[in-house]
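Asks: I'd like to go over a predicted model; first the sequence, then the structure.
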Amino acid sequence: MIVGVNDNMQRLNSAALAKMPSNIEVPQYDRSAVTAGIVHIGAGNFHRAHQAVYCDNLLNMGETEWGIIGVSLRSPTMKENLAPQNFLYTQATLGKSTNYRIIGAIQNLLVAPEAPMAVIGAIASNHTQVLTTTITEKGYCLINGEINRHHTDFAQDLLSLELPKTAYGYIASALIKRSAQKGTPLTILCCDNVQNGGEHLLAGVRMLLKTHSSETLTWLKNRVAFSSSMVDRVTPATDEALKTTVAEEIGFHDTAPVAAEPFTQWIIEDNFAGTRPPFDKVGALFVDNIAPFENVKLRFLNASHSMLAALGYLAGDRFIHEALLRPCLARFAKQALKNDVLPVTSVPKSISGEGYIDDVFERFHNDNLPYAALQVGTDSSQKIQQRWFPAIDDALEQEHAASYLAFSLAAWVTFIRQALLNKDLNDPLHDDFANCEMGNDVRQFLALAGAAKFSFSSNDSFMAKVHKFHQAIDQQGIESSVKNFLDLEN
Ligand code: CS2
């Protein structure tokens with residue numbers, strides 16, 4: 001019996017595949033016969049547990065075009081981990097039962113600052129049919145829902161595309177090259193938790209091309225499709241415990257395994273230029289109108305995740321499933337969705353709103369897959385403007401009180417203040433928050449998170465409620481204030 005990772009243990013790589021224990025699934029295809037029809041920007045854990053698994057399933061079915069060239073926009077770490085493993089890694093599915101499989105869909109990883117021309121060349125290549133992105137909310141450089149042309153990185157790309165800084169910059173440079181080569185059509189598909197991601201990608205690329213190459217702008221009109229998708233699979237950051245368990249299971253040392261829950265979902269806007277990968281053969285759904293699906297995911301799953309992260313952190317919980325073990329927090333988050341969000345959200349016919357919410361909470365209870373409150377709390381200034389703000393405006397417009405959402409805003413401001421004090425805050429606006437007065441002005445914090453564009457921020461009675469809840473949390477602590485809130489509401 002092998003115990004954990006030890007010095008003599010061999011590294012996972014192509015040669016290891018033939019020696020895997022029989023219960024470990026390995027690629028059933030000849031990796032050398034696969035071509036990379038996809039370039040993916042943001043080859044982190046989520047991509048590796050979601051899209052790369054869909055591609056691996058296609059390759060296992062005998063398709064050969066849907067290998068992936070991954071791009072890391074900043075850090076070389078993923079490449080350093082995966083290159084010695086021939087880009088193989090273990091995907092552990094952890095739930096009521098567990099399963100470990102080796103994914104072979106990634107063929108190469110490029111680190112943009114090390115090899116910018118290789119990234120541009122890969123996207124411009126006619127072999128590439130689809131360019132996908134998981135660059136996280138902050139990668140879109142948005143302010144009040146629009147691209148911020150003064151964002152440091154985006155402003156650099158506006159000045160020069162010689163060494164691009166943003167995903168927009170890489171895509172724009174590659175399109176200039178692709179159009180000069182009279183290249184084949186390309187689809188650019190957003191796989192992030194942002195509403196209208198494809199439209200943002202188009203807007204950013206268009207802004208850059210207006211400055212750098214108006215001919216390319218004309219060229220792309222009939223040849224490049226910008227699409228959105230709704231992606232879903234809870235995928236925590238990898239820790240040492242996972243590496244140890246994986247070593248025990250597979251008998252090889254994998255420095256970058258990735259764990260995820262059993263549930264997975266991918267709904268894709270059916271708007272492709274050129275070849276469409278047959279993701280529907282492996283469980284994805286193509287739809288004409290993606291917006292209601294994005295809405296449901298952001299407003300129910302991601303919204304309650306962010307509530308539980310803020311409330312749980314303040315209550316001293318490390319993980320989301322621990323926060324849910326506090327009955328008042330679980331009740332608060334579920335009722336927030338059912339009372340405040342569901343009545344003002346249009347849910348596609350194929351989905352039952354109540355059922356979706358119940359399923360989400362069941363998934364969050366999965367204690368075989370601890371998900372850190374602080375992972376959800378990371379970049380929260382970029383998240384709540386997608387997850388909470390539009391629902392608050394819809395609720396107020398339809399004359400609902402939206403008290404749960406007001407309380408959530410108050411808890412979020414308290415979370416930011418507390419995480420700053422504890423040196424736990426990981427957010428692109430960290431320094432701006434640190435410069436806010438630590439007093440009681442919730443407005444300053446909310447404005448930084450993009451509230452100005454939303455009408456709730458100028459609704460005095462709603463904002464007075466947020467302020468009152470914020471004071472209550474300060475005075476009574478999170479659990480008592482939630483309990484008092486629930487007593488008054490019910
Ligand atoms: C989470 C998401 O970390 C977060 O902000 O809310 O990553 C969530 O786990 C995924 O969207 C699930 O699909």
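Replies: Structure received.

Asks: separation between I106 and the ligand?
Replies: Distance, I106 to the ligand, by Cβ to the nearest ligand atom, to the nearest Å: 20 Å. All C-beta spots, glycine's among them, are computed from the backbone N, C-alpha and C.

Asks: pop out the phi and psi values for that residue.
Replies: Main-chain dihedrals, I106, degrees, to the nearest 10: phi -80, psi 130.

Asks: kindly report the same for the one 5 residues further on.
Replies: With angles defined as degrees, to the nearest 10, V111 shows backbone torsions of phi -100, psi 110.

Asks: could you give the number of residues near it?
Replies: Residues near V111, counting by other Cβ atoms under 10 Å, number 21.

Asks: pLDDT value on D379, please?
Replies: For D379, the pLDDT comes out at 97.

Asks: show me what contacts it?
Replies: T136, E137, K138, N426, D427, P428 (Cβ atoms under 8 Å, 6 or more residues apart in numbering).

Asks: among those, give me the pair with the biggest separation.
Replies: Among those, the pair separated by the greatest distance (Cβ to Cβ) is E137 and N426, at 12.9 Å.

Asks: who's more crowded, the two?
Replies: E137 (22 against 12).

Asks: pretty sure the more buried one is in contact with K383, am I right?
Replies: Yes - counting by Cβ atoms under 8 Å, E137 does reach K383; the two are 5.7 Å apart.

Asks: overlap in contacts of these two?
Replies: Common neighbours of E137 and K383 (Cβ under 8 Å, 6+ apart) are N193.

Asks: ok, which stretches of this structure are strands?
Replies: Taking DSSP state E as the criterion, the chain contains strands spanning 38-41, 68-72, 89-94, 98-103, 106-111, 130-133, 142-143, 146-147, 186-190, 224-232, 258-260, 265-269, 285-287.

Asks: could you measure E146 against R206, distance?
Replies: Here E146 is placed at a distance of 13 Å from R206 (Cβ to Cβ, to the nearest Å).

Asks: how about F433?
Replies: 32 Å.

Asks: show me which of those two is the more surrounded one.
Replies: Neighbour comparison, F433 and R206: the larger count goes to F433, with 20 against 15 (by other Cβ under 10 Å).

Asks: ok, now which ones touch G450?
Replies: So G450 contacts L142, I143, N144, G145, S381, Q385, F389 (Cβ under 8 Å, 6+ apart).

Asks: which of those fall in helices?
Replies: Applying DSSP state H to the contacts of G450, the entries found in helices are S381, Q385, F389.

Asks: which one among those residues gets closest to G274?
Replies: For the ones in helices among the contacts of G450, the nearest to G274 is Q385 (33.2 Å; Cβ to Cβ).

Asks: ok, the closest one - how many residues close by?
Replies: Neighbours around Q385, by other Cβ under 10 Å: 23.

Asks: G169 too?
Replies: 27.

Asks: okay, it: pLDDT?
Replies: 98.

Asks: find the nearest non-adjacent residue to it, please.
Replies: D157 (3.6 Å; Cβ to Cβ, 6 or more residues apart in numbering).

Asks: and that neighbour, how far from P164?
Replies: 6 Å.

Asks: ok, V296 next?
Replies: Distance from V296 to P164, counting by Cβ to Cβ: 34 Å.

Asks: what sits against the residue in the stretch 251-400 of the chain positioned nearest to the ligand?
Replies: Of all residues in the stretch 251-400 of the chain, the one sitting closest to the ligand is H305 (3.6 Å; Cβ to the nearest ligand atom). For H305, the contacting residues are I320, F364, V376, by Cβ under 8 Å, 6+ apart.

Asks: mind redoing it with 7 Å?
Replies: I320, V376 (Cβ atoms under 7 Å, 6 or more residues apart in numbering).

Asks: same deal with H200?
Replies: Applying Cβ under 7 Å, 6+ apart, we find H200 in contact with Y140, L142, I147, V194.

Asks: could you count how many residues lie near the closest residue to the second one other than its chain neighbours?
Replies: Pointing back at L142 there. Among residues not flanking L142 along the chain, N148 sits closest, at 6.4 Å (Cβ to Cβ, 6+ apart). As a burial measure, N148 scores 14 neighbours (other Cβ under 10 Å).

Asks: the ligand contacts on the stretch 251-400 of the chain?
Replies: N302, H305, Q375, V376, K383 (Cβ under 6 Å from any ligand atom).

Asks: next up, the contacts around the fourth one.
Replies: Yep, that's V376 we're talking about. Neighbour list for V376: H305, S306, A309, I320 [criterion: Cβ under 7 Å, 6+ apart].

Asks: ok, now how distant is the nearest residue to it once chain neighbours are set aside from F332?
Replies: Leaving aside its sequence neighbours, V376 sits nearest to A309 (Cβ to Cβ, 6+ apart; 3.6 Å). According to Cβ to Cβ, A309 stands 13 Å off from F332.

Asks: can you tell me which two in the contacts of H200 are farthest apart?
Replies: I147 and V194 (11.8 Å).

Asks: ok, P257 touching Y89?
Replies: Yes - between P257 and Y89 there is a contact under Cβ atoms under 7 Å: 5.9 Å.

Asks: re the thing from before, which pLDDT value goes with the residue nearest to G169?
Replies: Per-residue pLDDT puts D157 at 98.

Asks: report the distance from the lowest-mean-pLDDT helix or strand in the chain to the chain centre.
Replies: The least trusted helix or strand in the chain, going by mean pLDDT, DSSP states H and E, turns out to be strand 142-143, with a mean of 90. Distance of strand 142-143 from the chain centroid (Cα atoms, centre = their mean, to the nearest Å) equals 17 Å.

Asks: which strands and helices lie in contact with the longest helix seen in the chain?
Replies: Longest among the helix segments of the chain by residue count, using DSSP H, is helix 403-421. Helices and strands touching helix 403-421, as assessed by 3 or more Cβ pairs under 7 Å, 6 or more residues apart in numbering; DSSP states H and E, comprise helix 303-315, helix 389-397, helix 430-435, helix 442-448, helix 460-476, helix 478-489.

Asks: quick check: angle from the fifth one to helix 478-489?
Replies: In this case it means helix 460-476. Angle between the axes of helix 460-476 and helix 478-489 is 140 degrees (criterion: axes from the mean of the first three to the mean of the last three Cα atoms, to 10 degrees).

Asks: how about H151, nearest residue that isn't a chain neighbour?
Replies: Once flanking residues are discounted, H151 sits nearest to C141: 4.0 Å by Cβ to Cβ, 6+ apart.
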